[in-house]
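Asker: need coordinates for the below:
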Amino acid sequence: MIRIVTCCLLVMAGCNEAPEKSDVLDPQTDTSTVAPVQVQSEQCYALTTGGNNVVLSLQINGSQAAGELDYAISGKDKNTGTFTGLMSGDTLTADYTFNSEGVRSVRQVKYLVNDSVAVEGYGKVEEHGGRMEFAPGAVIDFGHGIVLSRANCKK
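Answerer: Just a heads-up that it's a prediction; the model follows:
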């Protein structure tokens, strides 16, 4: 009988205790503010020649990359959009979301980037899930791509 009473008292005492505070933030109730991502590097590149105008604005934070990319190539439709992706060494691989002739599209882009130029890479592409991306194992050729020279970033 004493064991039953003791057990019931322990259970009742446990019911009155406050629940332990979790270290996991609940996005529904968390009211703290998240600090904005700090851009470690901002680089701009451009090509303006022979009726062609291509502008790449690149913000890098660690291995994360984002920015704007606009193509106005003579004789082709103008593409204006943004990208997000990763820097791996000197190579940017990103998903470029753009508008062209009123249609929104997504395609993967690769650029070889250094202090003075950004060179677009080309290779075999395939459609996957409504976006164009480089085929698995595709060789990316940077030797024949559009070469953008370092430019001042417009604010």
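
Asker: so what sits opposite residue 107 in the bridge?
Answerer: residue 96, residue 132 (DSSP bridges).

Asker: isn't it up against residue 96?
Answerer: Yes: at 5.5 Å, residue 107 and residue 96 qualify as touching, with contact defined as C-beta atoms under 8 Å. C-betas here are computed from N, CA, C, even on glycine.

Asker: neighbour count: the two, which is higher?
Answerer: Between residue 107 and residue 96, residue 96 has the larger neighbour count (other C-beta atoms under 10 Å), namely 21 against 18.

Asker: show the pLDDT at that one.
Answerer: Confidence at residue 96, expressed as pLDDT, is 96.

Asker: how near is it to residue 152?
Answerer: Relative to residue 152, residue 96 is positioned 22 Å away (C-beta to C-beta, to the nearest Å).

Asker: same deal with residue 107?
Answerer: 27 Å.

Asker: let me know the helix or strand that residue 87 is in.
Answerer: Element membership of residue 87, judged by DSSP states H and E, is strand 79-88.

Asker: what segments of this protein are strands?
Answerer: 41-49, 52-61, 64-72, 79-88, 91-100, 103-113, 117-120, 125-128, 131-134, 147-151 (DSSP state E).

Asker: relative to residue 110, how far out is residue 69?
Answerer: Going from residue 69 to residue 110 by C-beta to C-beta gives 12 Å.

Asker: circling back: with distance to residue 140 added, can I get the strands of the chain in CSV?
Answerer: CSV is the format used below for the strands of the chain (distance: least, C-beta to C-beta, whole Å):
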stretch, distance to residue 140
strand 41-49, 18
strand 52-61, 17
strand 64-72, 16
strand 79-88, 12
strand 91-100, 8
strand 103-113, 5
strand 117-120, 10
strand 125-128, 11
strand 131-134, 7
strand 147-151, 15
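
Asker: for residue 145, list the residues it contacts.
Answerer: Contacts for residue 145 (C-beta atoms under 8 Å, 6 or more residues apart in numbering) come out as 112, 119, 120, 121, 122.
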